[in-house]
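Trainee: can't give you the sequence, but here's the structure:
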């Protein structure tokens, strides 16, 4: 299959030409071809698909609230509408039994998945349970656990090697050093998050395997000039990645993002959504930042009641009725380019290249070049999405 | 007079040659000269003298504790040992009568001063009295005043036009907008300091004439990602200058300085000392950051008692006995280059060029080029000081 565009974003910059796809992989990008049959996207831009390494759920599916293979199937199907072509199913801080059944479901779904099913589930991100209660945010305090290798093994042993690709933990907790060392040996990336760590603690443990920060600024103290903490460490260490959840302007002010962008530039920031699939809550849930309560009414309906008293019933199985509850990847990207002077290539770094490098899949994801998975998006200069391809398969997009 | 060096730091980079000085000004830099008489500094480096725009006192003189012409004479004499060739005598938040007599003393001293007397007093920096009690730091709460044009006039009317070059104020105080506008019209630079301002307040008032921030991070809240405040504004606004007091590592951690250096680079940072001449206190004074009490015992002696109980009597009229109480400009610069990857030229920007530009004296100070005052230092690559020249006059240096 050949796909033509005047602007294909490759690691060496834009290229005009024909993207050749074979067996789900990029075979090459050619200036000319002899075949007459190709898909012509003209002046539309082709960029690598987005990789969301921090997503619990979105729209009609929620890994944390439902936790089964079907929920992942719905997430995969929905996410391609947002330009996400691969993701890490992300757990929350929950009962260990739930976490186990969730990682097992992810393992199974990953094996059954085929590219016509939507976004590629490439692994699991364990957000907790080794986090600090003090900065739990929306996580549940009762399930915060002290870090132990035994608990890690409880979660890793039932599933395939390499499934878990990232863990968020609070490095100041007793036992964390041992767990960090253990995860690092297993090739699992580690992010600092929901943490009250001092700057000095991060400095000391960094070389054991701390790669970056989960939803930078959220779940940590503000930076003080005599007590820099996690936020200060995120701004100080040039080699560590700063993850930012969806850019709504609510959790992190655009100017705070802009400050980190000044420091790190696009090379050490990763964009994620941290969406949860709020419509799929299993019990009445209050969200303090959205100032609204979400309550399941039936298998099909969810009631959303704002602090202002306004209430509405939504069909949680219908994509169009729930897609706007949480900001998806694509509108979040549009907010980033409204806020900072980021080019399309800068966005590709933050949304595709960096996440792939961070979780160790850049051998196959994150860039458009020979040998990589044919995961790509057809967009225009304003990040309007025209088509999403996953392993060379054109997805059905709902707008 | 001709002065030779292999490395003269000019606005266009290093130049090897002969600096020609005439009538206290730089006449030019020449590759060769016909005269045989010149001062040969060989491979030593010549850079512009430092300009300290925030200094209340140092060593044997204190403008805030003594406030007379003699105190300024002692400061001028002492400061050249630290590479400071010009400065703004800086008031603190004090009784209005004291402030008036201080600015009058500065005006008189400025007129009497000759280059053989040491560092050039080029004006006054009013730190307060329009500051926010909440972030007063070492300032006195009882003298914090609401901003009014009348109070400004009280301080400006008794002295020469142009003497006051900089004012530090808290822009969130009622009446601040009018005062900022007034100062700006008079060509007086304005720094935000000792302030509880919100980010949005600074954003709104910025264009009225807010140029930068006084001792960035000190006298303000830490930055939070939903409430960026003064610290966030200092990091966000690229065009505003961030002043840093002496780099002891005590008030602002080196990493906090390094974060701002990553953002602003050397072009929008100014180095100052914010020294006070602690040995010259007129009453028993506790310093919470130094954890020591300073108590005058006589006209000649000061007692310094640490929180650890250790006490010593120092001769406050003797330079060598008090010079190490507060870190001077030069060792502060050495701490900066230990902390961040700053070149000699970067230091010149932060310590000479930027302060000159900030307070509007770059027509005559801050750079080594034809027509500028011949204020310069002879140093080596480690910022050891060999000689200080003020308006072409070689100063007597005590080491």
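Mentor: Now that the structure is in, tell me what you want to look at. From a predicted model like this one, the values you see are computed outputs, not experimental measurements.
Trainee: Residue A:198 and residue A:226 touch, don't they?
Mentor: No. If you go by CB atoms under 8 Å, residue A:198 and residue A:226 don't touch, sitting 11.1 Å apart. All C-beta atoms are positioned from the backbone trio N, CA, C, and that covers glycine.
Trainee: which of those two has more neighbours?
Mentor: A direct count of neighbours by other CB atoms under 10 Å in any protein chain shown for residue A:198 and residue A:226 places residue A:198 higher, at 18 against 14.
Trainee: interface residues of chain A facing chain B?
Mentor: By CB under 8 Å from any CB of the partner chain, the part of chain A that sits against chain B consists of A:199, A:217-218, A:221-226, A:228, A:231-232, A:235-236, A:238, A:251-253, A:255-256, A:258-259, A:262-263.
Trainee: Apply 7 Å and report the result again.
Mentor: Chain A comes close to chain B at residues A:199, A:217, A:222-226, A:228, A:232, A:235-236, A:252-253, A:255-256, A:258-259, A:262-263, as judged by CB under 7 Å from any CB of the partner chain.
Trainee: Drop anything exposed from these.
Mentor: A:199, A:217, A:222-225, A:228, A:232, A:235-236, A:252-253, A:255-256, A:258-259, A:262-263 (16 or more other CB atoms under 10 Å in any protein chain shown).
Trainee: And the strands in the stretch 151-300 of chain A?
Mentor: Ranges of strands within the stretch 151-300 of chain A are A:164-169, A:189-192, A:210-213, A:241-244, A:269-271, A:285-287, A:292-296, based on DSSP state E, counting those that start in this stretch.
Trainee: among the ones you listed, which gets the worst mean confidence?
Mentor: Among those, strand A:285-287 carries the lowest mean pLDDT, a mean of 90.
Trainee: Give the buried residues for it.
Mentor: A:285, A:287.
Trainee: neighbouring strands for it, and are they parallel or not?
Mentor: Strand A:285-287 pairs in its sheet with strand A:292-296 (antiparallel), by DSSP bridges.
Trainee: Check the gap between residue A:101 and chain B for me.
Mentor: Distance from residue A:101 to chain B, counting by CB to the nearest CB, to the nearest Å: 34 Å.
Trainee: Show me the residue sitting in the middle of chain A in space.
Mentor: Against the mean C-alpha coordinate of chain A, by CA atoms, centre = their mean, the closest residue is residue A:52 at 2.4 Å.
Trainee: returning to what we had before: the buried ones among the residues of chain A next to chain B in helices, which ones?
Mentor: Counting by DSSP state H, these place A:199, A:232, A:235-236, A:255-256, A:258-259, A:262-263 in helices.
Trainee: Would you reformat these as a markdown table and include pLDDT and distance to residue B:115?
Mentor: Formatted as a markdown table, those follow (pLDDT from 0 to 100; distance: CB to CB, whole Å):
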| residue | pLDDT | distance to residue B:115 |
| --- | --- | --- |
| A:199 | 98 | 46 |
| A:232 | 97 | 44 |
| A:235 | 97 | 44 |
| A:236 | 97 | 43 |
| A:255 | 96 | 46 |
| A:256 | 97 | 48 |
| A:258 | 97 | 46 |
| A:259 | 97 | 43 |
| A:262 | 96 | 42 |
| A:263 | 96 | 43 |
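Trainee: Reformat the residues you listed into JSON lines and put distance to residue B:68 next to each item.
Mentor: As requested, those are arranged in JSON lines below (distance: CB to CB, whole Å):
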{"residue": "A:199", "distance to residue B:68": "44"}
{"residue": "A:232", "distance to residue B:68": "43"}
{"residue": "A:235", "distance to residue B:68": "45"}
{"residue": "A:236", "distance to residue B:68": "44"}
{"residue": "A:255", "distance to residue B:68": "45"}
{"residue": "A:256", "distance to residue B:68": "47"}
{"residue": "A:258", "distance to residue B:68": "48"}
{"residue": "A:259", "distance to residue B:68": "44"}
{"residue": "A:262", "distance to residue B:68": "45"}
{"residue": "A:263", "distance to residue B:68": "46"}
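Trainee: Tell me the one of those nearest residue B:64?
Mentor: Checking those against residue B:64 by CB to CB gives residue A:232 as the nearest, at 32.1 Å.
Trainee: where does the spatially closest residue to the closest one that is not a sequence neighbour land on pLDDT?
Mentor: Of all residues not flanking residue A:232 in the chain, residue A:223 sits nearest, at 4.3 Å (CB to CB, 6 or more residues apart in numbering or on different chains). We have a pLDDT of 94 for residue A:223.
Trainee: what's residue A:223 in contact with, if anything?
Mentor: Going by CB atoms under 7 Å, 6 or more residues apart in numbering or on different chains, residue A:223 touches A:229, A:231-232, A:235, B:222-223.
Trainee: Could you do residue A:316 as well?
Mentor: By CB under 7 Å, 6+ apart, the contact set of residue A:316 is A:60, A:279-280, A:300-302, A:322.
Trainee: Distance check, the nearest residue to it once chain neighbours are set aside against residue A:119.
Mentor: Of all residues not flanking residue A:316 in the chain, residue A:279 sits nearest, at 4.1 Å (CB to CB, 6+ apart). For residue A:279, the distance to residue A:119 (CB to CB, to the nearest Å) stands at 18 Å.
Trainee: What distance do you get for the residue of the stretch 251-399 of chain A found nearest chain B to residue A:339?
Mentor: Going by CB to the nearest CB, chain B is nearest to residue A:256 of the stretch 251-399 of chain A, at 4.0 Å. Residue A:256 is 10 Å from residue A:339, where distance means CB to CB.
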